Structures are given as structure tokens and as C-alpha cells.
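Novice: quick one, what's the 3D model for this:
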Amino acid sequence: MEQFSPFESEALGYYVYVYTDPRNDQPFYIGKGTGNRAFAHLKDSGDSSKVARIAEIRTAGVAPRIEVLAFGLDETTAFKVEAAAIDLIGFENLTNRVVGRGAKKFGRMSIDEVHGKLFSEPVTQFEHPCVLIKINHTYSDTTKLGAIELYDATRGTWKVSLASATKAQYALAVFGGTVREVYEIAEWLPAGSTMYADPERDVGAATRYEFVGRLAPVAVRKLYRWKSVAHMYKPGAANPIMYVGPAA
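Specialist: Prediction:
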């Protein structure tokens, strides 16, 4: 069977499906959709790991096994289920080209991340000269990234005023309106002056800067870490840099 009837499609609503390699019972693709979306990949062409895997399975004389993980969903719930399934199996074990639209919002999170997203109290006062650095575009919100990746995503590279940046004692990594980490700044340097964990990291133009530093003292981290600063930003504010605290 390579299609659902109109009646079945209506009853399914939004659903999440998985492609499994019958030779080893390993899932290799997770998707979501409506109607006959689950079967569309069988007709895909082009240069992708998914297409190559399906062709390889067919060459072996079998067909990929298509299973529905959940159905009767609305679109938002389908995003959640898809993200959870991808996280459970591991993106690295799948042929999906992208993690999935719901992964950042609905994917696997540590207890600290859940707390930060749902229950973080706002910072009402900054006791130190700080620079808030929004890392939404340099950091992937996933528990698989470690302390080094978070540090690298925070420290560079940015368009800053050195006159203002050098007055900041601490840099606060802000993701989704919540402070994820606090670093004590040692020095600001021209972009590309130091090594990043990712050797292919694009450091941008030479007019940008990066800082080097270390984790702030525990007492300082407790003041700001996992607290909300979302109220500090005006709607639509694009500048990732904001100076706060004494002498800001």
C-alpha cells in the first residue's frame, strides 16, 4: 500500500511517521504531515542521504518499512512528537537534512533548560557592569552541546564599541530571553585572534571583536544565571549587544 484513501487521510489528520530499514530494523527518517505525505519520499530523487538509503534498500530486494508513530494530531502537537522522536533516536542516526521545525522549542531539554524556559524570574537589578549577548543565531539549543560550545557562541564575534565593551566586567549569554551562562571578561580582541572549537567557524569581518575569559565566580553566576532578561528588549530589537549595570 502506497497511499491512504481520502477517508483515511481525513481520519489521520496530522501524523508523525518513521521510515525503517528492514535489513537491520533501524529507523532512518522521521517526518510529519497530512494526507499521503508519508509515501512521497518513495518518489523523491536527487542527491540526499534519504534517497540513497531508500535506493540501497530496494537494491537489496526489499522496501523501507513505513510506520505511523502518532496520528489524529493538530499541527503543533505533530511538531512536538516529531521533535521528541528525532531526539530519542538521535539526529546523527537519521537521514533528515534538518532537525525539524519544532526541535528547538519542543525537543529534549535538561531540567535546567525547562526551568529557564518556564519558571525563570526576571533580573531586576544588575549589580555589575555587564554586556548582554543574544546568542540565538550562534547557539543551537540542545543538551548535546557542551560548555565549550556555549562559551564560543557567546564570546564572538560581535560588532561592539570597544569603549563600551571594555567597561563590562561580565558577559551574559542570553538565549530565548534567559541568561544561560555568565563569563568574566579578560580581554576583547579582533575577530579571529583566538581558536574556536569548531575549526570551520566563520568569524566574520575583521571589524568585529571577540572576548576571552572564564566562568564568573559562583556568587555572580547565581545572581544572573537562568534568570530572565526578556523584559530588557523592545519588540523586534535586532541588536544582539546590550550594556547594562553601573556605568552602562
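Novice: pLDDT of stretch 19-36, averaged?
Specialist: Mean per-residue pLDDT for stretch 19-36: 92.
Novice: repeat that for stretch 40-51.
Specialist: On average, stretch 40-51 scores 88.
Novice: try stretch 237-244
Specialist: 93.
Novice: residue numbering should commence at 15 henceforth.
Specialist: Happy to do that; since the first residue is 15 now, the last one works out to stretch 251-258.
Novice: for that stretch, buried residues please.
Specialist: 254-258 (16 or more other C-beta atoms under 10 Å). Yep, even glycine has a C-beta here, placed from its N, CA and C like the rest.
Novice: stretch 223-232 now?
Specialist: Buried-residue list, stretch 223-232, by 16+ other C-beta under 10 Å: 223-225, 227, 230.
Novice: now do stretch 89-97
Specialist: 91-97.
Novice: show me these that map onto strands.
Specialist: Residues of the buried residues of stretch 89-97 located in strands (DSSP state E): none.
Novice: now pLDDT too, for these, in TSV please.
Specialist: Shown next, in TSV, are these (pLDDT from 0 to 100):
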residue	pLDDT
91	94
92	92
93	89
94	88
95	90
96	90
97	86
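Novice: and which of these is nearest residue 204?
Specialist: For these, the closest approach to residue 204 (C-beta to C-beta) belongs to residue 97, at 38.6 Å.
Novice: among the buried residues of stretch 223-232, which one lies nearest to residue 82?
Specialist: Of the buried residues of stretch 223-232, the one sitting nearest to residue 82 (C-beta to C-beta) turns out to be residue 224, at 47.5 Å.
Novice: thought that closest one was touching residue 166?
Specialist: No: when contacts are counted by C-beta atoms under 8 Å, residue 224 is not listed as touching residue 166 (9.1 Å).
Novice: which residues touch residue 194?
Specialist: Contact analysis of residue 194 by C-beta atoms under 8 Å, 6 or more residues apart in numbering lists 130, 149, 153, 164, 187-188, 239-240.
Novice: re earlier: closest to residue 32 among the buried residues of stretch 223-232?
Specialist: For the buried residues of stretch 223-232, with residue 32 as the reference and C-beta to C-beta as the criterion, the closest is residue 224, at 41.7 Å.
Novice: what bridges to that closest one?
Specialist: For residue 224, the beta-bridge partners under DSSP bridges are residue 170, residue 203.
Novice: contacts only, for it.
Specialist: So residue 224 contacts 169-172, 202-208, 217 (C-beta under 8 Å, 6+ apart).
Novice: which of those count as buried?
Specialist: 169-172, 202, 205-206.
Novice: take the contacts of residue 194 and keep only those in strands.
Specialist: Those of the contacts of residue 194 lying in strands (DSSP E): 187-188.
Novice: got a quick ChimeraX command for the buried subset of the contacts of residue 194?
Specialist: ChimeraX command restricting these to the buried ones, with burial defined by 16+ other C-beta under 10 Å:
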select :130,149,153,164,187,188,239,240
